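Participant: Take this sequence and fold it.
(chains A and B, ligands or ions: 1)
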Amino acid sequence: MTSSHRLPPQPGEVIDRAQRFTFRWNGRPYQAYAGDTIASALAASGVRVLSRSLKYHRPRGLLSADFNDPNCMVTADGEPNVRAAHRLVSPGMSVSSQDTWPSLRFDVKAANQLVGRFLGPGFYYKTFMRPQRLWPAYDKVLGRFSHGGYAPTAPDVDRYDQRYAHPDVLVAGGGPAGMAAAVAAADAGARVLLVDEEHHLGGHLRWADAEGLEILRELRAAVQAAGIEVMTDSVVTGRYDGNWVSVLQRSVPGVRERLVKARAKHMIVAPGLIDRPYVVGGNDLPGVMLSTAVRRLVNLYAVKPGERAVVLTANTAGDAVAADLGRAGVDVVRVLDARQDEDVVRIVGRSAVRAVECSDGAVVDCDLVVTAIGWTAPLTLATVSGGRAEFRAEAARFVPVGLPDDVSAVGGIVGDGSTDQLMEHATAVGREAARRASHRAVALAAGVPHARVTAPADTPAVAIPDLRPAAHPMLSLGRTDGIVDFSEDVSAKDLKSAVREGYDSIELAKRYTTATMGPSQGKLEGVNSIAAVAAATGAGLAETGTTTGRPPYVPVSLGALAGRSHQLLRRSPLQGWHDSHGAAPLYAGSWVRPDHYGDPAAEVQAVRDAVGIIDVTPLGKFDLRGPDVPDLLELLYINKWRKLGVGSVRYGVMCAEDGVVLDDGVTGRLGPEHYLMTTTSSGAEATYDWMERWLQTERRQWRVHVTPVTSNYASINVAGPRSRELLARLTDLDLAPDAFRYMQVRTGAVAGIADCVVWRIGFTGELSFEVHVPAGHGLHVWKALLATGSDLGIRPFGIEAQRILRLEKGHLIVGQDTDGLTQAYGAGLDWAVKLDKPDFAGKPELVWQQMRDDYLRLVGLQPVDGAVVPPEASQIVEDGTRIVGRITSSRMSPTLGHAVCLGLLAPHLSSAGTTVTVRLPGGGSIQARVMPELAHVDPEGVRLRG
Amino acid sequence: MLISCPLCGPRDATEFRYVDERRQRPDPEQASPQQWRDYLYVRANPSGPARELWLHRSGCRQYLFVDRHTLTNEVQTAALARTEGTR
Ligand SMILES: [Zn+2]
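Facilitator: Presented below is the predicted three-dimensional model:
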């Protein structure tokens, strides 16, 4: 399609006529210039219908021709809900209309117009409620009334990002006032960030006369000269405590959206004013436009918006639009001046504007109706900052009052005036903002310990010139009912009948009719919604009040909120070896670990029959020093520590103050006042915080120093009947059973590496030595073990084999075999709880638990049919449906050739020999027998003590 | 929200972890179940000035007693728990 409606070059146009290209609209090729929005390019080709309305599927065209335009949500290159009047069109872009099956021209759902009585206010709640059995059908119908196109099913290949900014002054809005305030603040020494939603700075100056365009050129030059950071196509989406301001930045090369987290010392709100639609019959026909839409089309994009126009004006913007139209060659057939009590009674047409009924009875044929009936001040940013919206009846708009000290407002939301007056006011506010920001900077710097802060000279506050809104007639609802909320398809009649049904407050009527709840979020329709409710209740606008604006001000993609992926991955010094030896990676918490090296069952067998080594570096490790370490251990663990001698280790369990099992691990005494504590891998951070909490708050007098040393050691567990034989080849430590007993610790050299900590423990149920090697030498020791043990049948084993081994042995894993309700006795830790200790974390709860008999207990279970492994989390049921427990761990035991489990089970079923029913997630159930011990293999512990 | 850490200066709240209201642990030998469970589960959750325990987790790792207004998020004082009241 050719650009049949394109005008000759305009002085303020933003299109580049040297760059012409083709894009597609609903499959057909159209021409565009660089700088065109999707909508301006379509308008230049005479396309008038861009969408169908939500409920009645009426044809809709451009209304405001900016980001807020409710009538031009399209799908562009697969991205749904693109704002066509804002998004720049690009070569080859494929754009299509949304939710208009089967086509934009012929819309089956337009039949809804005929059955409109079923789609009155609250139809979501009323029509589709009963009978309830039809709900699935209703659900499908309602689904067709959802906004927008279809979410893409392919993965999002775009990149998103985030950054921080610390401007002294952040200016939200880049019109003449915002630019003047930014320049004044920068000239006063402030670091300034200027944010504007549009693609170019300038606000309404962009469609001003020659004099205005000259001011704009000067302002842009001043912004650049002042070194102000400018973000166009960017929106301040919210403001939070301490002027933490979120900015959604688009048009960053290579990044689809970037979220800027700005901590501003002062914020200036300068959003300008929004042209308010007129609510009158036929006001949603294609060809009815706001004055600002027409001025954008003509002046920025050189588009002729129609042939014969009727203009309804109540202000200078409306007067100016008539001049623009004349210059563009549009025949302005009638100008109705609301200030002279002239009015539009009704707009007539079916698929587009055909004529206007005027208040003097004349019916004027036309294809374009332009309205300039008043302004809405977008106050969301002011009100989320703590300000209030106050109605000024004489000016027919709300103004912001009661802003906090670190937020100011400039421009149209404050008042009216000549460009010079607006800039003079903004300049003063900008200077004052810089002054307040400098005081704030000093206050912040004074909070930094040992900072040398020089207080600034005590300059007096800048005098702010008066700026008030000018008198303006109140126009909102016309003589006939029209559409109030274009995105939600809510008419004035709908709002009035909602009030009649009893929803007589704006907050209720809004939710009942969904007015202001669509993509426009009240920006265009907010005041008209209030006016419609006020008209029905008989109250004034001020009493009816405003709805509450909340962040985000514009839609923010989840990608921008997520930002770049910053997942930190911790790797043991041995992980490279695992990677190059076929290890399957297991991502556990912040660590990547070897899950297995191809055959976990064979790895288990090697540990049971010969010797295996596993990398257990992620175990939390803490170096504890000081005379009061025993006191700390006594407090943190449920078992006893005071008598632990130098050279010994002990297994300990920690509970929280509610008696729930928190963590477990082995801690050894290396010297009189020196201990090494290990925790679970995933619990290391929380345990560190927990220890420090006690030491910094409740037990401040204790002399204990805690150093996290998890990554200072590579930790290797050498397990299996031949582990002693292997290790003996690499160390001078005396490993003889009598010299180095079970649960003892030695320090010494291993494979030539000094200062290794070796302790003899048995998580796997086998004779085993855990070697903690200074991290840089971990790989050397790992390789030395493998090389030295080749004749002993050594194999590296991974987490899966370790899980099988420990399950065969009945050793619990905190968080897997326990949950957020499992107290110590429920975890089968009766032997560890020492209630005769004077105090320890969680003791009162365990005292009381011991007196009860109403909690699930951890038990060993074996399916009667040993070939079936019930999946972990399978429920254990009684009487068919009652849940009485669950399987917490389950594996096929290579050692026994039989499935083995741990499970939490109700007390009346937990005695050995009881048979219980385990329901399988896929359906069906199996029988399982409660075992006498948690351990399935070697319950006597002969092997690990060998 | 900014918290002025006595060691690190004013820092964004995201560096800190809220831990709990500032409360006294009952004597575990003397506490009745009612008293102990109040300590575990019942919080004043005031609308207004609150005395809280925070951890500067991504900073100096110190526990801080923070006096904060829960409506405005204004932090009146933040003091090291370790030394508060001992100087
Ligand atoms: Zn700190």
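
Participant: going forward, measure contacts between C-alpha atoms and count neighbours the same way
Facilitator: Will do.

Participant: looking at chain A, which residue lies furthest from center?
Facilitator: A:Asp738 (59.2 Å; CA atoms, centre = their mean).

Participant: for it, what are its contacts?
Facilitator: For A:Asp738, the contact set (CA atoms under 8 Å, 6 or more residues apart in numbering or on different chains) is empty.

Participant: Which residue is the nearest non-sequential neighbour of the closest residue to chain A within chain B?
Facilitator: Closest contact between chain B and chain A, by CA to the nearest CA, is at B:Gly9 (3.9 Å). Distances taken as CA to CA, 6 or more residues apart in numbering or on different chains place A:Val448 nearest to B:Gly9, at 3.9 Å, with adjacent residues excluded.

Participant: separation between the one you found and the ion?
Facilitator: A:Val448 sits 10 Å away from the ion, going by CA to the ion, to the nearest Å.

Participant: elements contacting the strand or helix carrying A:Met179?
Facilitator: Following DSSP states H and E, one finds A:Met179 within helix A:176-187. When contacts are defined as 3 or more CA pairs under 8 Å, 6 or more residues apart in numbering or on different chains; DSSP states H and E, helix A:176-187 sits against strand A:169-172, strand A:192-195, helix A:210-225, strand A:266-269, helix A:419-446.

Participant: Residues in contact with the helix or strand following the third one: which ones?
Facilitator: Tracing the chain C-terminally past helix A:210-225 and defining elements by DSSP H and E, one meets strand A:229-231 next. For strand A:229-231, contacts defined as CA under 8 Å, 6+ apart pick out A:Val192, A:Leu193, A:Leu194, A:Val195, A:Asp196, A:Gln249.

Participant: neighbouring strands for strand A:229-231, and are they parallel or not?
Facilitator: strand A:192-195 (parallel) (DSSP bridges).

Participant: what mean pLDDT does the partner strand have?
Facilitator: Across strand A:192-195, pLDDT averages out at 98.

Participant: Repeat that for stretch A:396-406.
Facilitator: Averaged over stretch A:396-406, pLDDT sits at 95.

Participant: Name the residues of that stretch that are buried.
Facilitator: Neighbour counts over stretch A:396-406 (16 or more other CA atoms under 10 Å in any protein chain shown) mark A:Ala396, A:Arg397, A:Phe398, A:Val399, A:Pro400, A:Val401, A:Leu403, A:Asp406 as buried.

Participant: residues making contact with it?
Facilitator: Contacts for stretch A:396-406 (CA under 8 Å, 6+ apart): A:243, A:265-267, A:374-377, A:379, A:382-383, A:385-392, A:409, A:413-414, A:433, A:436-437, A:471-475.

Participant: what about 7 Å?
Facilitator: Applying CA atoms under 7 Å, 6 or more residues apart in numbering or on different chains, the external contacts of stretch A:396-406 come out as A:265-267, A:375-377, A:379, A:382, A:385-392, A:413-414, A:472-474.

Participant: Give me the distance from that stretch to the chain's centre.
Facilitator: 30 Å (CA atoms, centre = their mean, to the nearest Å).

Participant: what's the span of it, first residue to last?
Facilitator: Taking CA to CA, to the nearest Å, stretch A:396-406 runs 28 Å from one end to the other.

Participant: low-scoring stretches of the chain, by residue?
Facilitator: Using chain A. A:1-2, A:99-148 (pLDDT under 70).

Participant: actually chain B
Facilitator: Ranges of chain B meeting pLDDT under 70: B:85-87.
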